[in-house]
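In: have a look; sequence and predicted model below, questions after that.
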Amino acid sequence: MYKTNEEIIVIQAKAITPIPTGVVFWSHDKGTAKMLFQLQKDYVNQTLSEGTIVPICLDFVGGRHIYHAIIEDAINGIVSIVLEDNILGYVGRVEGSIYIELPDSRSLDTAGRFTFDIKRSPIDLNTPELDDYYWQGFNQIMDQYHETSNKLFDDLNNTQVKLNEIFNAIEENKVLLKSEADIFFAKKTDLTKENIGLGNVDNFTTATQAEAEAGTATNKFMTPALVFKAIAKWVQGKFVSATGNETILGTKNFQDGLQTGGLGVQAGMIERAITDADRSDTTNVKEVNGKFFRIGNIVILTMGYNCDNYPSAATETRWIVKVPDGFKRDQEYPAQTSLSITRNASQPSDARAYLSQASMICARSGNGNSYISGVWATKDPWPSN
């Protein structure tokens, strides 16, 4: 009997927000907390060929557990995991990710992410804390190692029994005549592993660290220390550690933002051209040009405009350009943000330019060409292009 939950995981290149499954498992769900996943590509069930491995990584605060999913239905791409007891000691949010290791050495990250929660059952006051790191495949290797070791010890014990019988026979003078010994040992000159009771033990040497980390040899024994080093080598570069210095290659899209020391990081630059279509006063402003630049949450303006209908003495302010979405000023600031203005011709003494609270670039100047520049902060979402 299991407590189960089934989710659809779509294999795609596009990063998505983790699926909030809403699932809550409890510390008393020992051996019964089961999660089923339907793998799909292009909304068609993904068939899993023979030899395919589906690792599922569970990340939580302070550690990570890796499971090898059970393939429930290879034709329809249904896999499952049952949570081990050692993770049920954790209390909090767990984020999972699903991977596929193909038989031809190719692999992929499905981009499938999901979350669920673990809570402590009232009856479990002494549930042991979880291991920081757990790899289900390690248990499989260790089981095979112990099985081989036990068989080796059994064969060695049988050999020791045979030797004891021989030693006892010698002490009791139950020895062969020379002629009988010649005939007996003539048949034993080829001492193979079968002749000494080790027929079921492969004649392998212990792997070197390099061979263990390469993971390609099929004729070497592995010690527990080598298994640990091989695992550490395998996960290196495939996951981002919670501590330590690392270099991460490739483009990473931090959709929800980037922080360092709890403060937001201003990164990236985008520019947007100013055209006549951006004019607010199309009657009096003849033409505009220039660019908006956005670096993080800072907007930089550099533009020029031509107005051929200023009143005498430049007593009227013109609305030049409406700032587009993605570049608008923070409206919590004062009503006007001052901008710099200059002209080719003589500029009136009261010429000025400013950015209004409604993100309108306004100016008082004379006829002809004028140039405006300035900087302000924005809280707009990042422009789409």
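Out: Here it is on my side, so go on. Numbering: from 1, shown residues only.
In: find the nearest non-adjacent residue to N253, please.
Out: Distance criterion C-beta to C-beta, 6 or more residues apart in numbering; nearest residue to N253, sequence neighbours excluded, is A15 at 6.0 Å. Quick note: C-beta positions are derived from backbone N, CA and C, even for glycine.
In: now do the domain split for the protein, please.
Out: For the chain, automatic domain parsing gives the domain ranges 3-131, 136-200, 204-239, 269-377.
In: give me the number of residues near T243?
Out: Burial measure for T243: 5 neighbouring residues, criterion other C-beta atoms under 10 Å.
In: no no, S349
Out: Neighbourhood size, S349 [other C-beta under 10 Å]: 7.
In: and R329, by the same measure?
Out: Other residues close to R329 by other C-beta under 10 Å number 22.
In: list the contacts of the residue lying closest to it once chain neighbours are set aside.
Out: Of all residues not flanking R329 in the chain, W376 sits nearest, at 4.5 Å (C-beta to C-beta, 6+ apart). Contacts of W376 were listed using C-beta atoms under 8 Å, 6 or more residues apart in numbering, and they are 298-299, 301, 329-330, 333, 337, 355.
In: just to revisit the earlier point, looking at the domains of the chain, spot the one closest to L249.
Out: domain 204-239 (9.0 Å; C-beta to C-beta).
In: buried residues of that closest one, list them for me.
Out: 207, 211-213, 222, 226-227, 229-231 (16 or more other C-beta atoms under 10 Å).
In: ok so, going back, ok, the residue nearest to N253 - contacts?
Out: A15 makes contact with 111, 253, 255, according to C-beta under 8 Å, 6+ apart.
In: can I assume it sits in a strand?
Out: No - secondary structure of A15 (DSSP: H, G, I helix; E, B strand; the rest coil): coil, not part of a strand.
In: next, it: phi, psi?
Out: Per-residue torsions, A15: phi -70, psi 140 (degrees, to the nearest 10).
In: circling back to that earlier point, need the domains of the chain in CSV with mean pLDDT and distance to N245, can you?
Out: CSV is the format used below for the domains of the chain (pLDDT from 0 to 100; distance: least, C-beta to C-beta, whole Å):
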stretch, mean pLDDT, distance to N245
domain 3-131, 89, 18
domain 136-200, 69, 26
domain 204-239, 84, 13
domain 269-377, 86, 25
